[in-house]
Each structure stands twice: as C-alpha cells, then as structure tokens.
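Participant: Pasted the sequence and its predicted model underneath.
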Amino acid sequence: MKRSVQIETDYLRLGRREFCMGLITALAAGPAKLALSHEAKTFQLRYIVGSSMYGRMALRDVLPEVRNAGGQYIDIWPEHHANHREQIETMGHEQFAAMLKQYQVELGILTHYDLGPFGLQDEMRAAKKLGGSMVISGSGGPGNLKGQALKAAVREFIEKMKPHIAAAERMGVTIGIENHVNSLINSPDAIRWLAEFTPYRYLGVALSPYHLPQDPLLIAKCITDIGNCLVHFYAWQYGQGCHKKLPKQQELMQLPGRGEMDFVPIVAALKKINYSGWTEVFMHPVPRGIPIMPTAAEVTSEINGVRHYLELCLSREIESTPT
C-alpha cells in the first residue's frame, strides 16, 4: 500500500486521538519508528481559524479557542453561516479590539459572500481598522461558461475589479476570490485564467477543494499552476456534501482525514510553491449557523485533528522499520 494511503487508512481506522497518540509514542521511542523528511520540517502551514466553525457562539467563547486550535488569527464570518461580524458591530470595534488583545488573537480575514466582489470596500476599511489584511468573497456569476466564453468573462471580471483592487492596495488589504460552485471563478480553467490575467498582488484565489473535482492530483496541479496567486487555502473536501442533514460522522467527512480524499499531493503542492498564506480548516454544517460540534472545545478538537492529519501528510516520508 502506498504510504500516503496507509497514513490516511490508519488515521481513519484508529481515530484521530488514538492515531496521533500512537505517532507521539513512536517518536518518543527513538529512531526506530518514524522518520520525517527534512523538507517537511522546514515548510510549515500557517493556520487561521474560521469563526463559522463555531456557528453563532458568542465571540467571548470563540476567541479563547483560536490559540487552542493552533492559530493566531481569526476569519470572521457573518450571517447566515455565523453572526460574528454582526456581534462586532453590536459590541463596537473598540471592545472587539480589546477582546482580541485579551486573548492574544489577531483579526486576519473578514469573509463576505453576502456582499459580492464589488461590494467589499467598506469591509476593507473595517478590516484595516481592526488589523486585518484580507477580505474574501465569491466572484458571482455566470457559472455556466466554458472555453473562450469563460476566458473572456474572466478577463472582463478582472477589468471590473480594477477600482476595487486599487482600493485594496491603498489600504494594504488583499481580496480573495473563492472558487465557489455556480460562479464565474469555479473551474480549474477559470482559476488559472484569473491568475494569468491579474498582475495585481492584492487580488488572488481563495482555493476551496470542496468545489473542485475530488481529484488530489488535479487540485495539486491547480495550486502549482497559479503559484503566488493563491492567497488563501481551505482545508476542505466534499465528503458527502453539505446540503442535506446527515448523521454527524458522515457530515464530518468534509474534513481532511475524515473523508476519502488523499491530501498528500495537495500539501506537497503547497510546499512546492512555498505557500505562505493561511490554511483554514473548514466545513459547513447543516443547517448553517450552528457549530460543527456541540461545544467550543469539541469544535477545536476537530480542527486539531485535521491539523495533525495535514502535518502527517506534509511529512510525506513516514517510514516504518522493524522493531
């Protein structure tokens, strides 16, 4: 069995807690058990925590979890996936800034699919004021174009975005465009053309594997093709989807390490381009707006399970030797 497949098989068979404890035990036992490549040690994924993972929990309960989940930065989501952006306005920016300081967390991203790509300038100002450096939205439609019609539409989209990119540059804020289903920037071709047509460092792709064919080699190639136009990465797979209510264990298959997709080629591609942006462990619950698990601590545990899995994938060369 290939090593990457063996990693995921063992991980899923044993469960996150047991597998990771086994890894720690093996490493502590000495040189016999596992050898991690030097490259895996030098390249690190940088994690940001998405507030929507905690549903509509109060920010006072979410912010203390960011550090526990391996992050320093938070991605703030509004209704209907969460209501943390609305909570900020209710409490006021000064109180939110004080809470960030209290819990040693920094704002990273304001996500706003509700505003669309041409309605983000006020949020850029808010992000800048609160110390953030990115806003994320989808591209909008049409979502059914192919070939030369798609290529022309992507070029036109970049032209329409120019005043917003200029505003982003003035504020020092990056615009991330997610490859959302039924949108213009959705397919691998559209993603590559966006990267090709934009010379601007303040606009890039927020890549969501969930919305792409579930082929890790295709996703990896997409990452290496767009290179430094990749400004954000969602650690998220389709699993069994996020549109109908499923038993919790099936719903959680959207998470890397729980679903079937092998993330070894994907994280290898991130390493190949020396990706320095944030990685966001992500999924959608059904219905939207609820936490992915009942308690904040359990949400954090799921995020950490994914991080452990991604680090195992990143090591690439996990070798068992006879005892």
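Facilitator: Arrived safely.
Participant: Touching, residue 194 and residue 229? I think so.
Facilitator: Yes - the pair residue 194 / residue 229 is scored as a contact, 7.1 Å apart, by Cβ atoms under 8 Å. C-beta here means a position set from N, CA and C on the backbone, and glycine is covered the same way.
Participant: Now the common contact residues for those two.
Facilitator: Counting by Cβ atoms under 8 Å, 6 or more residues apart in numbering, the contacts common to residue 194 and residue 229 are residue 205.
Participant: measure residue 265 to residue 314 for me?
Facilitator: 11 Å (Cβ to Cβ, to the nearest Å).
Participant: Next one: the residue lying closest to residue 55 once chain neighbours are set aside from residue 124, what distance?
Facilitator: Once flanking residues are discounted, residue 55 sits nearest to residue 291: 3.7 Å by Cβ to Cβ, 6 or more residues apart in numbering. To residue 124, residue 291 is 28 Å away according to Cβ to Cβ.
Participant: which residues in the stretch 51-200 of the chain form strands?
Facilitator: 73-76, 106-111, 134-138, 174-178 (DSSP state E, counting those that start in this stretch).
Participant: can you redo these as TSV with distance to residue 153, mean pLDDT and mean neighbour count?
Facilitator: As requested, the strands of the stretch 51-200 of the chain are arranged in TSV below (distance: least, Cβ to Cβ, whole Å; pLDDT from 0 to 100; neighbours: other Cβ atoms under 10 Å):
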stretch	distance to residue 153	mean pLDDT	mean neighbour count
strand 73-76	28	98	25
strand 106-111	24	98	24
strand 134-138	14	98	25
strand 174-178	13	98	25
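Participant: Which among these is found nearest to residue 155?
Facilitator: Closest approach to residue 155 among these is made by strand 174-178 (14.2 Å; Cβ to Cβ).
Participant: Extract the CA atoms of the closest one and return them as PDB.
Facilitator: The C-alpha coordinates for strand 174-178 follow below in PDB (Å, rounded to 0.1, in the frame of the first residue of the first chain):
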ATOM      1  CA  THR A 174      -5.900  41.600  -0.200                       C
ATOM      2  CA  ILE A 175      -9.100  40.400  -1.900                       C
ATOM      3  CA  GLY A 176      -9.500  36.700  -2.000                       C
ATOM      4  CA  ILE A 177     -11.900  35.200  -4.600                       C
ATOM      5  CA  GLU A 178     -13.200  31.700  -3.700                       C
END
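Participant: Same drill for residue 291 and residue 124, tell me which one is more crowded.
Facilitator: residue 124 (23 against 20; other Cβ atoms under 10 Å).
Participant: still on that earlier bit, might you report the residue contacts of the residue nearest to residue 55?
Facilitator: 53-55, 57, 285, 299.
Participant: Now for those residues: which two are most distant?
Facilitator: Longest distance between any two of the contacts of residue 291 is 12.4 Å, between 57 and 285; criterion Cβ to Cβ.
Participant: taking the mean pLDDT, what do you get for the top helix by length along the chain?
Facilitator: Counting by DSSP state H, the longest helix found in the chain is helix 147-171. Mean pLDDT, computed over helix 147-171, is 97.
Participant: Show the secondary-structure elements that that helix is packed against.
Facilitator: helix 121-129, strand 174-178, helix 188-197, strand 203-207 (3 or more Cβ pairs under 8 Å, 6 or more residues apart in numbering; DSSP states H and E).
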